[in-house]
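K.L.:
Output the structure for:
(chains A and B)
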Amino acid sequence: MRFGFMFSEVGQGLRRNIAMVVSIILVTFISLTFVGTASLLQLQIGQMKNYWYDRAQVAIYLCTDVSPEATCPRGEASDDVKAQVQERLDSATLTPFIDEYYFEDHDQAFANFQEQFAGNAVAQYVKAEQLNETYWVNLFDPNQSQIITESFTGLSGVEEVRDQRSYLDQIFNILNIASLAAVSIASLMLVSSVLLISTTIRLSAFSRRRELGIMRLVGASNFSIQLPFILEGVVAALLGSLLAAGAVLGLVQFFVQGFLAERLPFTSFVSLSDGMLVVPLLIAAGVVLAAVASGLAIRRYLKI
Amino acid sequence: MISVQNVTKKYRGTPRPALDQVSLEIEKGDFVFLVGASGSGKSSLMRLMLREDVPNSGSVHVLGENLVGLPARRVPFFRRKLGVVFQDFRLLPNKTVAQNVAFSLEVIGKSQGFIQEAVPDVLGLVGLSEKADRLPSELSGGEQQRVALARAIVNKPAILLADEPTGNLDPTTSEGIMALINSINLAGTTVVMATHDRSIVDKMQRRVVELSQGQIIRDQVAGGYGARA
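P.N.:
The predicted structure follows:
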């Protein structure tokens, strides 16, 4: 079949079912926007992991006078304890793993605390000696924090060994749950858009049953009978995915880069180029889903 | 040209077969009337020749194709060699006469150049040159059937299948349509026509195949409609 003729058929079909076509566009738009948001969240998580995991330190908190009795029966860690910790950190077994470490005493901890919680009421009540003296350890490979944890946990005078990544993991969990929620909503919406597409195509075929009957009688090939309907679904879904792509890019540009990045300057956020990675995915997903849905719908409608 | 051998066709839910061990040979250039009461199997036979259905047993050969074994994807190409008209014309109401005829060529991928030549030619043949730009609703029944005939023969089919083409027309108009179908036959096209129209069959004196309860009860070289109906 000639292309000009086929496109005029597709155009007619789209115009005839304009309300359904609009609803396909909207549903695909919304569902793919959720898909795009979920993908961006995953990219964001990956980026934050890269950034923060490398900077995450292992903290060896030493006992203070206010530490719980159970872990610190002897109260404030003595200079002996510090010497012992330092010796272990410098020992031949641990040095291959440790990039660097430094000691933070009560006063430094207090200064950092004041800075971190400036303006917060808690800053006024806390005293320097209540804050742990800490050995901060940077590892060559942040995944090997276990080694430090095992070496120092239970050592007398050490209150706790903590991998900072455990705090990060909580944040990532929340982000993961958010992207999972987005994906679940997206898949529900995608199911309804698939059903909507097949209903629309069937309606369109029904309203053109005279033409279809004649096409079959005069020997139009199955492919040329089906193609205009498949294209009808694909065109509608393509418009929806383009809108979704625009929405995702807009989200990155105006919300993430324009709003979040300005307020949280020390976090690296997904950029427009990450958004561009997601766009082909959205368009491909929209087009393939529509082609499959309308292809199946029309095949079931048109038994030769 | 058309060869039907021992064909039996049953439809689900009916105890009696629509066609029961039917055999029929139709040669190139023949003009055959299929007559018989409603439900006698005329339409079932036509559907088999068009490969809209396949028989439960027996074989159907049309234009050298074994229709029983013909794969579905080749059916469209087989149908391009046939022309079909029906009692209800089956024209597209929103397309003009010329567009209706052109449509059947467009959907099988004929070039614009071919369409621009063939459509006026065939409209001249059926006597509708003047009305090429009218819509079907602006035409009389006879004229509409001429459009349907034009559409059926524009691709120069070897066989014309006509299912009660005069069923909706008055006797005078029917005569005009029959003259047209006759001239199509004289140009070399094999014609198979199912009809209830006694006067037409009696007047034409062509081959008559009479069906009753799914069986051929008469196959006469030059006959009338028959006494029974």
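
K.L.:
What's the local residue count around residue A:116?
P.N.:
9 (other CB atoms under 10 Å in any protein chain shown). From N, CA and C alone the C-beta is placed, and that goes for glycine too.

K.L.:
That one and residue A:109: what is the separation?
P.N.:
Distance, residue A:116 to residue A:109, using CB to CB, to the nearest Å: 10 Å.

K.L.:
Check residue B:78 too.
P.N.:
The span separating residue B:78 from residue A:109 equals 89 Å under the rule CB to CB.

K.L.:
Of those two, give the one with the bigger neighbour count.
P.N.:
When neighbours are counted by other CB under 10 Å, residue B:78 and residue A:109 differ, and residue A:109 comes out ahead with 20 against 17.

K.L.:
For the nearest residue to residue A:172 once chain neighbours are set aside, list the residues it contacts.
P.N.:
Distance criterion CB to CB, 6 or more residues apart in numbering or on different chains; nearest residue to residue A:172, sequence neighbours excluded, is residue A:45 at 5.5 Å. For residue A:45, the contact set (CB atoms under 8 Å, 6 or more residues apart in numbering or on different chains) comprises A:172, A:175, A:176, A:179.

K.L.:
secondary structure element for residue A:45?
P.N.:
helix A:18-55 (DSSP states H and E).

K.L.:
who touches the helix or strand following that helix?
P.N.:
Scanning forward in sequence from helix A:18-55, with DSSP H and E defining helices and strands, the next element found is strand A:58-62. By CB under 8 Å, 6+ apart, the list of residues contacting strand A:58-62 from outside reads A:77, A:81-82, A:85, A:132-137, A:139, A:145, A:148-149, A:152, A:157-164.

K.L.:
Next: stretch A:65-76.
P.N.:
Counting by CB under 8 Å, 6+ apart, stretch A:65-76 makes contact with A:63, A:64, A:129, A:130, A:132, A:156, A:157, A:159, A:160, all of which sit outside it.

K.L.:
Neighbours of the last one, how many?
P.N.:
Residue neighbour count, defined by other CB under 10 Å, stands at 18 for residue A:160.

K.L.:
Next, the contact list for residue B:173, please.
P.N.:
Applying CB under 8 Å, 6+ apart to residue B:173 gives the contacts B:140, B:141, B:142, B:145, B:166.

K.L.:
how close does the nearest residue to the first one once chain neighbours are set aside get to chain A?
P.N.:
Computed as CB to CB, 6+ apart, the closest residue to residue B:140 that is not its neighbour in sequence is residue B:173, at 7.3 Å. Between residue B:173 and chain A the distance, using CB to the nearest CB, to the nearest Å, works out to 23 Å.

K.L.:
What residues sit buried inside the strand or helix carrying residue B:173?
P.N.:
Taking DSSP H and E as the criterion, residue B:173 maps to helix B:171-186. Within helix B:171-186, the residues scored as buried using 16 or more other CB atoms under 10 Å in any protein chain shown are B:173, B:174, B:175, B:176, B:177, B:178, B:180, B:181, B:184, B:185.

K.L.:
Touching, the second one and residue B:195? I think so.
P.N.:
No. With contact defined as CB atoms under 8 Å, residue B:174 and residue B:195 do not form a contacting pair (9.5 Å).

K.L.:
so what sits against both of the two?
P.N.:
Any residue near both residue B:174 and residue B:195 by CB under 8 Å, 6+ apart counts here, and that gives residue B:166.

K.L.:
re earlier: out of the contacts of residue B:173, which are buried?
P.N.:
Burial by neighbour count, 16+ other CB under 10 Å: within those this picks out B:142, B:145, B:166.

K.L.:
which SS class is residue B:192?
P.N.:
Residue B:192 carries the three-state label strand when classified by DSSP: H, G, I helix; E, B strand; the rest coil.

K.L.:
So which residues of chain B form helices?
P.N.:
For chain B, the helices identified by DSSP state H occupy B:42-49, B:75-79, B:97-106, B:112-125, B:141-153, B:171-186, B:198-204, in order along the chain.

K.L.:
Now do the fifth one: distance to the chain's middle.
P.N.:
When you say that, I think you mean helix B:141-153. Taking the mean C-alpha point of helix B:141-153 and that of its whole chain, the gap between them comes to 12 Å (CA atoms, centre = their mean, to the nearest Å).

K.L.:
Mind listing the residues bridging to the residue sitting nearest the centre point of chain B?
P.N.:
When CA atoms, centre = their mean is applied to chain B, the residue found nearest the centroid is residue B:161 (1.7 Å). With DSSP bridges as the criterion, the beta-bridge partners of residue B:161 are residue B:84, residue B:192.

K.L.:
So it is in contact with residue B:48, correct?
P.N.:
No. Applying CB under 8 Å as the test, residue B:161 and residue B:48 come out as separate, 10.7 Å apart.

K.L.:
mind showing which ranges of chain B have poor pLDDT?
P.N.:
In the predicted model, chain B carries pLDDT under 70 at residues B:227-229.

K.L.:
near chain A, which residues of it?
P.N.:
Taking CB under 8 Å from any CB of the partner chain as the measure of proximity, chain B contacts chain A at B:50, B:72-73, B:75-82, B:84, B:90, B:92-93, B:103-104, B:106-109, B:111-112, B:151, B:155.

K.L.:
Would you mind checking those residues for buried ones?
P.N.:
Buried subset of the residues of chain B next to chain A (neighbour count, 16+ other CB under 10 Å): B:50, B:75-76, B:78-82, B:84, B:90, B:92, B:103-104, B:106-108, B:151, B:155.

K.L.:
where along the stretch 201-304 of chain A do the strands fall?
P.N.:
Assigned by DSSP state E, counting those that start in this stretch, the strands in the stretch 201-304 of chain A number zero.

K.L.:
residues in it within reach of chain B, list them.
P.N.:
Counting by CB under 8 Å from any CB, the stretch 201-304 of chain A sits next to chain B at A:210-211, A:213-222, A:224-225, A:304.

K.L.:
Going through those, which ones are buried?
P.N.:
Burial of those was assessed by neighbour count (16+ other CB under 10 Å); the buried members are A:211, A:214, A:215, A:216, A:217, A:218, A:219, A:220, A:221, A:222, A:224, A:225.

K.L.:
just to revisit the earlier point, and the contacts of residue A:45 as JSON lines, adding secondary structure and neighbour count?
P.N.:
Written out in JSON lines, the entries for the contacts of residue A:45 read as follows (DSSP: H, G, I helix; E, B strand; the rest coil; neighbours: other CB atoms under 10 Å in any protein chain shown):
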{"residue": "A:172", "secondary structure": "helix", "neighbour count": "17"}
{"residue": "A:175", "secondary structure": "helix", "neighbour count": "15"}
{"residue": "A:176", "secondary structure": "helix", "neighbour count": "14"}
{"residue": "A:179", "secondary structure": "helix", "neighbour count": "21"}
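
K.L.:
circling back: which of the contacts of strand A:58-62 fall within strands?
P.N.:
Filtering the contacts of strand A:58-62 for membership in strands, criterion DSSP state E, returns A:134, A:135, A:136, A:137, A:139, A:158, A:159, A:160, A:161, A:162, A:163.

K.L.:
Need the max-distance pair from those residues.
P.N.:
By the measure CB to CB, A:139 and A:159 form the most distant pair in these, at 20.3 Å.
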